[in-house]
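> Quick one: sequence plus predicted model below, questions after.
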Protein chains: 2
Amino acid sequence: MSTRPAVTLAQRKRQLVSDELSEAALQLLALKGFDGVTIDEIAVAAGVSKRTFFRYFASKEDVVVQFLSGMGEAMRAELAARPAGEPPSVALRHTVQVPVAECADRSDHAERALRVVRLILRTPALRARFLERQAQWRDDLATELGRRLPPGPDTDLWAHLAAGMTLTAFDTVLRRWSDSDGTEDPTTLTDRAFTLLAPALDSGQPSV
Amino acid sequence: MSTRPAVTLAQRKRQLVSDELSEAALQLLALKGFDGVTIDEIAVAAGVSKRTFFRYFASKEDVVVQFLSGMGEAMRAELAARPAGEPPSVALRHTVQVPVAECADRSDHAERALRVVRLILRTPALRARFLERQAQWRDDLATELGRRLPPGPDTDLWAHLAAGMTLTAFDTVLRRWSDSDGTEDPTTLTDRAFTLLAPALDSGQPSV
DNA sequence: TGCCGTATTGACACTTGGTGTCATGGAGGG
DNA sequence: CCCTCCATGACACCAAGTGTCAATACGGCA
């Protein structure tokens, strides 16, 4: 066959185990709550040993949070791709819409996302990890925003605040979406949020 | 003697143990890092058993985070005390200045605060707990803001976003203060941040 | 003064999260 | 056919928390 497959069999096997673990964990956690499930249970359910679990995930929180891992990079990439002349409020709104759209579309994937988000928001340990991850995204967005601006004394401060407002909007939308059990449309919610934020995002830029 | 002292001897003893524990923990954690200190060490240093430690603090993180526990309530109270007619940006700026002022004043208390904040910001587990606590404060500020506004369809959304912006400003100021080793003045930093946020805080209120 | 209910504590055992180490076994390459 | 690499499981181990129980000290009361 192909002498040099783009993805080796070992890699696919690894992915398979990871998926199995993820699946088992989400199933059990949603069913019995975060503290009601031990890692041994998850590992056994996935047909591996506890030690192997920790070769795929750094912690119990990690299984859940890694489910949303792509969002940060997706947002950063979207922001980087927005045209330079675009007003910040528009660029950032589109940035947030990227992960939000994943929740908005009506598919089994979206339904699973709702379950995960609900689990995160109502479990303090998970919520804490999620916020930590958000803080990381905030820094990434801030540096990306810094690239779009002429350097000035308040540029860095403004970038961090703007990134913070953006993530605040994201977090708020996510919570309302979760609390409403997915009935509220996160896309229009995001638009409304950015209407409120726009004055600061667009006119608040430092005047040297 | 007084037949019914306002604070009993038992209560004072409890406070004493708590202080001793806090002191020992902060000392050791700042010295050897969060993961470099076991709870046994802290307990022994304070002259109690590990079991007693957990009767005063829920977790290792809790010792540190509880050090800042007053801030949330102080902010909520300050916001509640601001005059009703005051523009949101002014009221919220003063709200943030309350905890910031504790860092700004040049005293041994402020120096200790700097050590604690630095420890929190550079320790992922502590940072996560701190963000969790901030999320709580955000909800509190949001409900307090809701009281100042006429009820409308976007009032709740606006309140959460405004509270989020406020806490973002707080977090950003804290980080710059910590990164600059306390040389940057957090008070003026806060003022600058709210100058940037004011357009959204004051004009962004929902029109029905 | 002597007794009793209550709160604090230390000791101990136990569960669970998380890590280091090693031996095994299977897949693929020469 | 052998050799190397990598994933895995088994095991021991540490540290975070928690439940339980006995001892002790405090405060009220007769």
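The structure has been received and is ready for your questions. Residues are numbered from 1 along each chain as shown, chains lettered A, B, ... in the order given.
> what about stretch A:187-200, near chain B?
Yes - using CB under 8 Å from any CB of the partner chain as the criterion, contacts between stretch A:187-200 and chain B involve A:Leu189, A:Arg192, A:Ala193, A:Leu196, A:Leu197, A:Ala198, A:Pro199, A:Ala200. In this view, the C-beta of every residue, glycine as well, is placed from N, C-alpha and C.
> Of these - the most surrounded one?
Highest neighbour count within those, by other CB atoms under 10 Å in any protein chain shown: A:Leu197, with 29 neighbours.
> check contacts around it.
With contacts taken as CB atoms under 8 Å, 6 or more residues apart in numbering or on different chains, A:Leu197 has the following neighbours: A:Ser89, A:Met165, A:Thr166, A:Ala169, B:Leu161, B:Met165, B:Ala200, B:Gly204.
> a markdown table please, covering those and showing distance to DNA strand D and secondary structure.
Conversion of the contacts of A:Leu197 to a markdown table gives the following (distance: CB to the nearest atom of the strand, whole Å; DSSP: H, G, I helix; E, B strand; the rest coil):
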| residue | distance to DNA strand D | secondary structure |
| --- | --- | --- |
| A:Ser89 | 41 | helix |
| A:Met165 | 32 | helix |
| A:Thr166 | 32 | helix |
| A:Ala169 | 32 | helix |
| B:Leu161 | 32 | helix |
| B:Met165 | 32 | helix |
| B:Ala200 | 38 | helix |
| B:Gly204 | 40 | coil |
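> Surely A:Leu149 is in contact with A:Trp158?
Yes - contact status for A:Leu149 versus A:Trp158: in contact at 7.5 Å, counting by CB atoms under 8 Å.
> which of those two has more neighbours?
Neighbours per residue, other CB under 10 Å: of A:Leu149 and A:Trp158, the larger number sits with A:Trp158, 26 against 17.
> if I look at that one, how far off is A:Gln134?
Counting by CB to CB, to the nearest Å, the gap between A:Trp158 and A:Gln134 amounts to 19 Å.
> Spatially, which residue comes closest to A:Asp181, not counting chain neighbours?
For A:Asp181, ignoring the flanking residues on the chain, the nearest one in space by CB to CB, 6 or more residues apart in numbering or on different chains is A:Leu114 at 7.5 Å.
> Which helix or strand contains that neighbour?
Per DSSP states H and E: A:Leu114 is located in helix A:108-122.
> Give the rounded mean pLDDT of that helix.
Here the mean pLDDT over helix A:108-122 is 90, rounded to a whole number.
> Kindly report the same for stretch A:178-194.
The predicted model gives stretch A:178-194 an average pLDDT of 95.
> ok, the nearest residue to A:Gln66 once chain neighbours are set aside - how many residues close by?
If you skip the residues right next to it in sequence, A:Gln66 has A:Phe57 as its closest partner in space, 6.7 Å away by CB to CB, 6+ apart. Burial of A:Phe57 is recorded as 19 neighbouring residues (other CB under 10 Å).
> which regions of chain A lie under the pLDDT threshold?
Low-confidence segments of chain A, defined by pLDDT under 70: A:1-7, A:9, A:204-208.
> Near DNA strand C, which residues of it are found?
Within chain A, the residues that sit near DNA strand C (CB under 7 Å from any atom of the strand) are A:9-10, A:37-40, A:50-51, A:54, A:58-61.
> from the residues you listed, which is closest to B:Phe67?
Out of these, the one with the shortest distance to B:Phe67 is A:Glu61. That distance is 23.8 Å, counting by CB to CB.
> Can you name the residues that contact the closest one?
With contact set as CB under 8 Å, 6+ apart, A:Glu61 has these partners: A:Ala125, A:Leu126, A:Arg129.
> where does the last one fall, phi/psi-wise?
With angles defined as degrees, to the nearest 10, A:Arg129 shows backbone torsions of phi -60, psi -40.
> can I see the domain layout of chain A?
Domain assignment for chain A by automatic domain parsing gives A:9-57, A:65-203.
> Mind putting these into TSV with distance to B:Leu68?
Supplementary listing: the domains of chain A in TSV, determined by distance: least, CB to CB, whole Å:
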stretch	distance to B:Leu68
domain A:9-57	25
domain A:65-203	15
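> looking at those, which is buried most?
The highest mean neighbour count among the domains of chain A, using mean count of other CB atoms under 10 Å in any protein chain shown, belongs to domain A:65-203: a mean of 18.
> How far does that one stretch from one end to the other?
Distance between the two ends of domain A:65-203: 35 Å, counting by CA to CA, to the nearest Å.
> what's the offset of that domain from the middle of its chain?
Taking CA atoms, centre = their mean, to the nearest Å, one finds the center of domain A:65-203 at 8 Å from the center of the full chain.
> and the gap between A:Asp154 and DNA strand D?
As defined by CB to the nearest atom of the strand, to the nearest Å, A:Asp154 lies at a distance of 40 Å from DNA strand D.
> my guess is that residue contacts B:Leu189, does it?
No - the pair A:Asp154 and B:Leu189 does not pass the contact test of CB under 8 Å, sitting 10.3 Å apart.
> Roughly how far does A:Thr95 sit from A:Val116?
In terms of CB to CB, A:Thr95 sits 21 Å off from A:Val116.
> B:Ala80: which of the contacts of A:Leu197 is nearest?
B:Met165 (18.5 Å).
> so who does the closest one touch?
A:Leu161, A:Gly164, A:Met165, A:Thr168, A:Leu197, A:Ala200, B:Leu92, B:Leu197, B:Ala200, B:Leu201.
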